[in-house]
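Give me a 3D structure for the following:
(2 chains)
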Amino acid sequence: MKNNEQMVLRFAPSPTGFLHIGGARTALFNYLYARQNKGKIILRIEDTDLERSKKEYTEGIVKAFEWLGLKFDDTLLQSDYFSVHRKYIEKLIENGHAYVSKEEVKEEGQRAEVIRFKNPNKKIAFNDLIKGDVVFDTTDLGDFIIAKSLDEPIFHLSNVVDDITMGITHVIRAEEHLSNTPRQILIWEAIGEKPRPVYGHMPLILSETREKLSKRKHGEMVSVEYYEKMGYLPEAMLNFIAFLGWNPGTEEEVFSLDELIEKFDISKVQKAGAIFNPQKLLWYNKEYLKKLPIEKVQEEITNRLIKNSGYQNDEIIKKITPIILERINVWSDVDQMLKDGDIQYFFEKPILDKEMIVWKKGGTTQEAAENLKLVSEIFEKMDESNFSSESTKEAIWKIAEEKGKGNVLWPLRVSLSGKEKSPDPFTLCGTLGKAETLSRISIAIELLLK
RNA sequence: GGCCCCAUCGUCUAACGGUUAGGACGAAGCCUUCUCAAGGCUUAAAUCGGAGUUCGAUUCUCCGUGGGGUCACCA
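Next up, the predicted model:
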């Protein structure tokens, strides 16, 4: 590549499945590298295998990138270029770089004649952007097949031809392609129109058992769609993925896409594979959740509550939004909280359990009832418009200290929530309001005295 | 098995010949209004092994070992 030539990169997935998490990362690194160098980036769908490629997958891949917020300068379908591939195959045959070969048909559907590349059997060396110097002896490869027929090119050929005709200057892809590179360089040189591109092979994303992440073995967690479905934020996803195999060398690790473009340094990309760590992703997502404007959080929670429970009280939802936000890592956790009964008590009276109301560490039923009565009497005198978590705390704190905090606060909290685990009693009071708080306390007292 | 790539806490990683080997996730403990969450503080936790080179190796070289990728008429 000459200095004044514009960089052109591409991400070239085959539409034989959803967008793989590793593919998303490869695309991201291509994207970052292209953008920071004011280059172009093309999404090229490699659908030359007509049998396995599906239109839905192409659409799914495009949609996944829209969700992630990665915008390509162009989206192309490789199958639109079959005639170009054909032209190059013919040319290679003409020049003696390829030939039609008679084959033994071993499986159904195989051709009796295919087109093979005439391997010059030489050593190919290249400097990989990530791996450094790599040398292969292509003798081991033999005369490999480049097309099933003039109109049916296979990967190596169509990939190289498109890279040449589309002016690709940098090929950044996953490490699984490293051993394909010598073949492709051979084709590239045989065509001879342009100097070969710069290659960069990224380490793989691994499962806990250190193998390549695959749908068959590792399920839906390898697809980008899954994270969208589970309610992860695309910004968190991007940030997490970027840091699998790369880091800026500082101790910061939360970066927006624009910051990533600015800070990304391909020479700092790791050579070894990285295990996908869902815990860290969760942490990233939480970080981004905390950055969201509270209105946005409230909106999402509202939608989820309506969808999953029918609760639809804006006033209450507004109050519990920060409470829920504190307890979730991804949106789907809201659904889980609902499932666990951790939200409904804000909307309707809980069913109380007598035993549960009594403080386990040293309280009696009698004490619980007495303390609740005491608290109730104090609350009774409070002004309804000033019944907040702060004021309720102030009002009963002294009593709680006198009677033993656990013996007052625990029964109060359980009376209001019906749960062993919940936000603190004052938050509950403030959210529920005076009337509802008193009502729940009296129900609890009645139950205790029964 | 051939070829290729790789190797620092459990995980993601920093250190580009000299550091008490640093940070983050996770874990554990403590604190913070009873429980939970959030937050704060603290702790445990690593240079795969062996030879070199060097005054000095996580870092450079070689050999092992281990892991991974790839060996299609898929991409």
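
Let me see the contact set for the nearest residue to A:Arg196 once chain neighbours are set aside.
Of all residues not flanking A:Arg196 in the chain, A:Trp188 sits nearest, at 5.0 Å (C-beta to C-beta, 6 or more residues apart in numbering). Any C-beta I mention is one placed from the backbone N, CA and C, and that applies to glycine too. Contacts for A:Trp188 (C-beta atoms under 8 Å, 6 or more residues apart in numbering) come out as A:160, A:163-164, A:194, A:196-197.

What is the most widely separated pair among the residues you listed?
Spatially, the most separated pair among the contacts of A:Trp188 is A:Val160 and A:Lys194, at 10.6 Å (C-beta to C-beta).

Which residues of the stretch 201-350 of chain A lie near RNA strand B?
A:203-204, A:206, A:209-212, A:243-247, A:249, A:251, A:253, A:268, A:270-275, A:277, A:279-280, A:282-283, A:326-327 (C-beta under 7 Å from any atom of the strand).

counting contacts, what elements does the helix or strand A:His201 falls within pack onto?
Applying DSSP states H and E as the criterion places A:His201 in strand A:198-202. Under the contact criterion of 3 or more C-beta pairs under 8 Å, 6 or more residues apart in numbering; DSSP states H and E, strand A:198-202 touches helix A:21-36, strand A:123-128, strand A:170-174.

Switch those over to JSON lines, and while doing so, append distance to A:Val100 to every line.
Listed next are the helices and strands packed on strand A:198-202 as JSON lines, based on distance: least, C-beta to C-beta, whole Å:
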{"stretch": "helix A:21-36", "distance to A:Val100": "34"}
{"stretch": "strand A:123-128", "distance to A:Val100": "25"}
{"stretch": "strand A:170-174", "distance to A:Val100": "29"}
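
Out of these, which is the most enclosed?
helix A:21-36 (a mean of 24; mean count of other C-beta atoms under 10 Å).

could you check the angle strand A:198-202 makes with it?
Put simply, helix A:21-36 runs at 140 degrees to strand A:198-202, going by axes from the mean of the first three to the mean of the last three C-alpha atoms, to 10 degrees.

hmm, helix A:21-36 in reach of RNA strand B?
No. Contact of helix A:21-36 with RNA strand B (C-beta under 7 Å from any atom of the strand) is absent, the minimum separation being 9.5 Å.

after that helix, next one along is what?
strand A:40-45.

Parallel or antiparallel, which strands does that next one pair with?
If you go by DSSP bridges, strand A:40-45 pairs up with strand A:8-11 (parallel), strand A:74-77 (parallel).

got the ones you listed as JSON lines, with mean pLDDT columns?
Formatted as JSON lines, those follow (pLDDT from 0 to 100):
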{"stretch": "strand A:8-11", "mean pLDDT": "98"}
{"stretch": "strand A:74-77", "mean pLDDT": "97"}
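
can these go into a markdown table with extra columns for mean neighbour count and distance to A:Ala435?
Converted to a markdown table, the strands paired with strand A:40-45 look like this (neighbours: other C-beta atoms under 10 Å; distance: least, C-beta to C-beta, whole Å):
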| stretch | mean neighbour count | distance to A:Ala435 |
| --- | --- | --- |
| strand A:8-11 | 25 | 59 |
| strand A:74-77 | 14 | 59 |
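
a markdown table please, covering the ones you listed and showing distance to RNA strand B.
Below are these laid out as a markdown table (distance: least, C-beta to the nearest atom of the strand, whole Å):
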| stretch | distance to RNA strand B |
| --- | --- |
| strand A:8-11 | 11 |
| strand A:74-77 | 11 |
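
closest one to A:Leu448 among the ones you listed?
Closest approach to A:Leu448 among the strands paired with strand A:40-45 (C-beta to C-beta): strand A:8-11, 65.0 Å.

on that earlier part again, could you flag which of the residues of the stretch 201-350 of chain A next to RNA strand B are buried?
By neighbour count, with 16 or more other C-beta atoms under 10 Å, these hold A:203-204, A:206, A:212, A:243-247, A:273-274, A:282 as buried.

Tell me the one among those residues nearest to A:Glu104.
The closest of these, once distances to A:Glu104 are taken by C-beta to C-beta, is A:Lys212, at 31.7 Å.

How much space separates the closest one from A:Glu175?
9 Å (C-beta to C-beta, to the nearest Å).

pLDDT below threshold where in chain A?
Across chain A, the ranges flagged by pLDDT under 70 are A:1-4.

Need the residue closest to the centroid of it.
Centroid-nearest residue in chain A, with C-alpha atoms, centre = their mean: A:Met237, separated by 3.8 Å.

and that residue, what does it touch?
A:24, A:68, A:224, A:227, A:281, A:284-285.
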